[in-house]
Each structure stands twice: as structure tokens, then as C-alpha cells.
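Visitor: fold the following.
(chains A and B)
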Amino acid sequence: MKISRPRGTRDFLPENTQLRRFVENRMRDVVSRWGYHEIITPTFENLELFTLKSGEGVTGEIYNFSDKGDRELALRPELTAPVMRMYVNEMQATPRPLKLFYFENCFRYERPQKGRFREFWQFGVETIGSSRPDADAEVIALAAEMVESVGIKGDLHVGHLGIIRHILKELEAEQQTKIMRFVDKKDDTGLDDYLEQINASIELRNELFELVSITGEDAIEKARQIVGDIEELQIFEELIQILDAYNVEYSVDFGIARGLDYYTGMVFEIYASNLGAQNQICGGGSYQLIQLFGGGDVPSTGFGLGFDRIMEICELEPEQKKEVVLVATDDTRLDAIGIARELRRDVPVYLDIMQRNFKGQLSHANNIGARYVVIVGKREMEAGKVTLKDMESGEQHQLTVEDAREHILKGEM
RNA sequence: GCCGGGGUAGGGUAGCGGUUAUCCUGUAGCCCUGUGGAGGCUACGAUCUGAGUUCGAUUCUCGGUCCCGGCCCCA
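Guide: Model prediction:
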């Protein structure tokens, strides 16, 4: 009987894995150069960690289970909450701000479709301890650079929840949430109907529609005409100035609502084309979660990148390793191991373990696309040398092991 | 949770009521025990699953499951 993969999971074959690691390392390079440090949290947590902050619908997608001690656990559906939990548990006395990143798999019980799986990878960044627009801008600029670093042209939208909330502040919390949902979905007719239903004032309606449709260079000015010179707008303006200094391309979009309610101020999203319905590759903003988990009143800003979606559209190609196949005969098999050990100091060496004959080894080298073959035969051993063969041109020379190694490293013959 | 389209060797496919289930590719080996890629030969290897209809199902019907896409959702 054949056992298949669980639904929504994937196997990554060598070629694909190599590409994934390559892309991952590109992004890792970027965050490291920005002074962020990697952390690892557990694959599973107490279920409560994830149910505490989220609303209905969300909890239904958690992979949860009880263990043999009847503890209610859950495979992490995301990493922001675990990171905040970690901060509260053991990093509260660390000098602020903290600049952290992670690259881990997450699990959600959802219907798989393009760019969406039950096990997926998230690359994320969190800064903890600064409520300044400087932190927000840095995080946005970092996200933009990471996306760019893997050759993706993303469409970055930046907004601020404080501004739309200012318009809605007279309404009940529940009504605000509903409105934000419509705004986030860009569902204007649904929004209009809802405003009608709750008897919203004409002013509010006009302001709201105007605000979410603002675009262009003078977005801040336009917003100011609608909501007045409120504090949130000043902060947002400062953020925009810093973003300009980073030389990041973006559009102001007050219609970003980010679905959930724990975001407090700045919010942003990055979209990519060619991804069907799941075109968002990155989302983030500033939030307050630490108090919820029993810590102090510490502001944070962060984002998560959907790594699998990035892989879906990423066109990078990793540099091909110059793999060398060592070909030996029966009587030189043991000598070959010694030579392999020398070469392996800096080139990947493939050694036969099938006791294939000479021809078979060469043929296999050809099949796996080896660039070079190093022949270790009786004749070579007697001369104290090896034969280096270029599989593309067929050219070959007898050289010392050291010379062969240098030729291979330089990629020449 | 809802709506479409699909599942035949490892990969790609043909057959659409009765076949030894087709072909290509792959892998292993031989022809060929110190020189790969071509060719020939041999071996390996498949009807997603369960029920029903039928003398007979890979083929038709229904359920399940998995894949692909869309809706909902998306921390």
C-alpha cells in the first residue's frame, strides 16, 4: 500500500529545494545586513496563544490537538504571536529596540489553492520597542528591499489605520470592524449598503468614500482636507518623508485595513501579479500585542512574507555547482577515496557506490550532468596523477590532484 | 463551507463496455571489463478508492479521497 502526502503539504525535490534555499538565503542576507537577528520558536504552542487575539473564523483554521497529558496544543498558524510570547517570556530586559526575524513553516487548515498550502513558509520581521515612524519606515523599506532582492517587482501600498478610525470614531466598535472589512475588500457597494443600514450620516459617508479613494502625490494634503490636521496624519506624513529618504516606491492607500483588529497605526501590503486570487505576498503594520500576552505596553512593527507565493513567481536561477564525478576502477577504488577527500575541501565530489564498471561510471556522470570527471585509474596512479576530463568538450589532461583541483575551481580546462 | 475541471507505470500519454492495457521517457543491466551522449536487446513498472449497473467496468452511475482552479476566509 502506498502512503501519500497529507493534503496541502508538499515534497520538495533536490532541484526545487536548492532554489528555495537560494531564494531564502538572498532574503536572509538582506535582513542580516539591516542588523536583524534570527530567532526560532517552537513548531507548536499552547492553543490559547492563538485564540487569545483572534476572532471567529480564524480559530477554525488552526491545526490543534491534545497531547497525552491532555494539553491543548496547536501547530503555529503564524509567527507574530509566538515571537511576542517569546519576548514577554524572556526578552523584556533586552535593550530596545529589538530587531528580529524568522523563517519558519506554519500550518493552517484551509482549502489548498494556487499559492496556498496547509504547510507553508513565512519569512517575517518584527521590531519591538519603538512607536516612532522611523521604525515603521524601516520595516517597510526592508520589506521592499527583500522583495526586490529576489527579483520581484511588487506593488507596495502604505496606509494608516488611525486616519480612517478618526472618521469612524463615533461609531460602535462592531460597526467599525464591519466597515473596515468592506474597505479592505474594496467592496464599495457592500459598504454603501451597510452605511445605509446603520444610518450613517451623509458627512461620514462622503468622508469615508473620499478618503479611501485618495491616490497620488498629494495624498496627505487631500486627506488633511477631509479629516483636518489630526495627529495621526502628522505622524503618517513623517513616515512618508522617511520612506522617501529610503527611496522606496509606494502608493498611499487609506483603504488598507488588514482584516484584523490588532493593528494600531501604519499598515502596508505588497502585491504581485500572476498569482491569481492570492496576489498578496507581504503584509504588515504596527501593533500592540505584548500587553495581551502579559507584558508591558511595548509597541511593535512587523511583517510577514509569503515565501511560497514568492517562489511561485520568482524567476531567479541559482548558480550551478560544479559537481565532479570521480571515476575509478576496481583496483584503484580505495585510492579514489583518498583523492575524493582532498578534492572535497572545496568542490562537491560524487563517488560511485554501485561498483559500476568504468564505462558505467562515465555514463552515469553524463546522466547526472557532471561538468567534470576525474579519472583515477591504474595508469594515473602509476604516474602519481589523475585525468581531468571536461564533459562538455570531451577534452582531457593528466594532472596532479592539486592542479586538477585548481582547474575545476576556475572552471577551466 | 461552497462551485467547476481532473486522477492510467517514477514523469508524459493512448484506449472510453470484452485488449496480453498503447506509445514515449525514465531507472537498472547487457551488447562494449580505460572513455559518456547514438543504436539494439532485456528487466522494472500503472488503470486513485469503495459501492452499484452489467455475463463482463480502465471505460457507465454514485460516494469518498487526492490534485488543479475559483468563491468564502486569509492572524
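Visitor: list the contacts of residue A:295.
Guide: Each residue near residue A:295 by CB atoms under 8 Å, 6 or more residues apart in numbering is listed here: A:84, A:87, A:88, A:92. For the C-beta atoms, the positions are set from N, CA and C on the backbone; glycine is no exception.
Visitor: distance of it from RNA strand B?
Guide: Distance check for residue A:295 against RNA strand B: by CB to the nearest atom of the strand, to the nearest Å, it reads 17 Å.
Visitor: with residue A:61 instead?
Guide: With CB to the nearest atom of the strand as the criterion, residue A:61 and RNA strand B are 3 Å apart.
Visitor: residue A:109 is in contact with that residue, correct?
Guide: Yes: under the criterion of CB atoms under 8 Å, residue A:61 makes contact with residue A:109 at 5.0 Å.
Visitor: just the buried ones from the contacts of residue A:295?
Guide: Buried subset of the contacts of residue A:295 (neighbour count, 16 or more other CB atoms under 10 Å): A:84, A:87, A:88.
Visitor: are we agreed that the first one is in a helix?
Guide: Think residue A:84. Yes: using DSSP: H, G, I helix; E, B strand; the rest coil, the assignment for residue A:84 is a helix.
Visitor: nearest residue to it other than its sequence neighbours?
Guide: Spatially, and ignoring its direct neighbours in sequence, residue A:84 is nearest to residue A:289 (4.6 Å; CB to CB, 6 or more residues apart in numbering).
Visitor: what about that neighbour, how many residues close to it?
Guide: Using other CB atoms under 10 Å, residue A:289 is surrounded by 25 other residues.
Visitor: next one: residue A:196
Guide: 10.
Visitor: partner residues bridging the nearest residue to residue A:279 once chain neighbours are set aside?
Guide: Among residues not flanking residue A:279 along the chain, residue A:271 sits closest, at 4.9 Å (CB to CB, 6+ apart). Assessed by DSSP bridges, residue A:271 has beta-bridge partners residue A:155, residue A:280.
Visitor: residues in contact with residue A:271?
Guide: Per CB under 8 Å, 6+ apart, neighbours of residue A:271: A:154, A:155, A:157, A:279, A:280, A:281.
Visitor: same thing but 10 Å
Guide: By CB atoms under 10 Å, 6 or more residues apart in numbering, the contact list for residue A:271 reads A:154, A:155, A:156, A:157, A:279, A:280, A:281, A:282, A:283.
Visitor: now those in JSON lines, with neighbour count?
Guide: As requested, the contacts of residue A:271 are exported to JSON lines (neighbours: other CB atoms under 10 Å):
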{"residue": "A:154", "neighbour count": "23"}
{"residue": "A:155", "neighbour count": "16"}
{"residue": "A:156", "neighbour count": "20"}
{"residue": "A:157", "neighbour count": "19"}
{"residue": "A:279", "neighbour count": "18"}
{"residue": "A:280", "neighbour count": "17"}
{"residue": "A:281", "neighbour count": "25"}
{"residue": "A:282", "neighbour count": "25"}
{"residue": "A:283", "neighbour count": "20"}
